[in-house]
Every structure is written in structure tokens, then in C-alpha cells.
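Build me a model from this:
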Amino acid sequence: MIEYSRQPHYLVAVDCIVFGFDGEHLKILLVKRGLEPEINKWSLMGGFVGAEESPDDAANRVLKKMTGLEGVYLEQMQIYGEPNRDPIERTLSVGYFALIDIHKYEAQLNDDYEAEWFLINDRPKLIFDHNQMVADARKKLRYKAALHPILFEMLPKKFTIPQLHILFEEVNDTKIDTRNFSRKITSTGLLIKLAEKDRTGSKKGAFYFKLDKKKYAANAQAFLNLMPNLKV
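You can find the predicted model right below:
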């Protein structure tokens, strides 16, 4: 116990990077910071870890409190611990990223903390080291998306190839040849074609698909060649 008492003590916080897709654009959810320093400036959703909770519990609590969102895909990313990252007191922050279909959670989103969606490449400057967190989260998302079907968390249960194509482009921040993508994605055998069509874009319409999760589990590597510029 004496040895413990001699050690420096730090605050522990969580910060959540919430990515959303609205069918056309990759977006990020930000809030106005409610306390000094940097009050009223744009920030990630964050808060301190309570004495009786884990970082995971804290991240879910903070996300629900500040946005009203719950039951979303949330994954721990990494720890940020630069000594001067918080000008008030030494604080270690555990970063998380969340993925949602924006339209699915529109009704859940509250206005208590002025949460607002921004285009990922057109977001305002963020406080502290939050811009670095967002950059790291995008890299992590690209890497994870090549190995696991996490991008489908950002799509409705049934989706079109054009919607999936746009999402892949937005996540990778690059243009992907439409015909080549369609051919590759259908050749994986991981999508189930439905009889129903989406006719909102044209009279001809585009068939809806859904992910075959059983086949994906058995052949996850099939998506690797769909993810350009894969960087860890």
C-alpha cells in the first residue's frame, strides 16, 4: 500500500468518435464543450471514468447522456496520454469509435449538448488532441473494415450496391471504379440478392442486398481486395 501511495495519480477519461453514414456521406457527430477550458468549442463526446465503472461502461454512459444514443457499435481504440493534452490536470483518455446508420438513430438523438453531424472532411477544428483521435479512428476503421463486416453497422439491413459503393469510397477517402467494385463485391458470394428494388434513384431501380453473415464468418478474407490503400 505504501508503494501505491507514492505513485502519481491521474484522471481517466473516455472520448467517443461517432461515425455515421446517411446513404451519401460519411459524417462525424460532434458536441459543444460545456466547461472550461475551451467552453463552447467543438469536441468529441467525452467524460471522466467513474470510480465504480469500467472504461467501456463510461463510454456507453457518456454516449447516452450526451447524444441519447445507446445500443450502437462501440469499440475501444487506444489510450491518449501526452502529459499536457489537458491543460488543467494530467488526464489519460481512452478513445472509442462508434458506427451508426444515421437514419436509424435519428429519433434517438437529443439536443441537450447541441450534438451536430458534420461531413468528415469538412468538420470544424476540435479541442485538445481530438483531431488526432479522429485521424487515428479513420485509420482503424479502414483496417477493421477489411477484416470484419463492421461497415454494415452503418447501413440499413437491406441496401443497394450503389449505397455500399459510396460507403467504401467515403471510408477510404478515394474513388473506386463503379463497375469493378460491383463485379468484385458480387463475386465474393457474401451478399444475398433480394427481390425488392430501390426505385428512388431511377425507374429501373437497384436491387436490394443483405449480408450473408454465416458465409462472411467462413470467408472474411473475401473483402480484402475491396479495400484500397489499406494502412494500419
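
Bridged to residue 117, which residues?
residue 29 (DSSP bridges).

Which residue ranges of this protein form strands?
11-21, 26-32, 42-43, 45-48, 73-80, 91-101, 116-119, 159-160, 191-198, 206-211 (DSSP state E).

Pull the contacting residues for the residue nearest to residue 83 when sequence neighbours are not counted.
Leaving out its chain neighbours, the residue that sits closest to residue 83 by C-beta to C-beta, 6 or more residues apart in numbering is residue 90, at 6.2 Å. Any C-beta I mention is one placed from the backbone N, CA and C, and that applies to glycine too. Applying C-beta atoms under 8 Å, 6 or more residues apart in numbering to residue 90 gives the contacts 8, 10, 11, 83.

Please repeat the previous calculation with a cut-off of 7 Å.
In this structure, residue 90 makes contact with 10, 11, 83, judged by C-beta atoms under 7 Å, 6 or more residues apart in numbering.

Just name the closest of those to residue 202, please.
residue 11 (54.3 Å; C-beta to C-beta).

Report how many residues lie close to the residue lying closest to that closest one once chain neighbours are set aside.
What sits nearest to residue 11 in space, not counting adjacent residues and going by C-beta to C-beta, 6+ apart, is residue 91, at 4.3 Å. Counted with other C-beta atoms under 10 Å, the neighbours of residue 91 add up to 19.

what's the answer for the one 4 residues further on, then?
Burial of residue 95 is recorded as 27 neighbouring residues (other C-beta under 10 Å).

same question, the one 5 residues further on
By the other C-beta under 10 Å criterion, the neighbourhood of residue 100 contains 24 residues.

That one reaches residue 16, doesn't it?
No. At 11.3 Å, residue 100 and residue 16 do not qualify as touching, with contact defined as C-beta atoms under 7 Å.

pretty sure residue 105 is touching residue 69, no?
Yes. The criterion here is C-beta under 7 Å, and residue 105 meets it with residue 69 at 5.8 Å.

sorry, back to before: would you mind checking the contacts of residue 90 for buried ones?
Among the contacts of residue 90, none is classed as buried by neighbour count (16 or more other C-beta atoms under 10 Å).

These into JSON lines, with extra columns for distance to residue 40 and pLDDT?
Listed next are those as JSON lines, based on distance: C-beta to C-beta, whole Å; pLDDT from 0 to 100:
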{"residue": "10", "distance to residue 40": "26", "pLDDT": "92"}
{"residue": "11", "distance to residue 40": "22", "pLDDT": "96"}
{"residue": "83", "distance to residue 40": "26", "pLDDT": "95"}
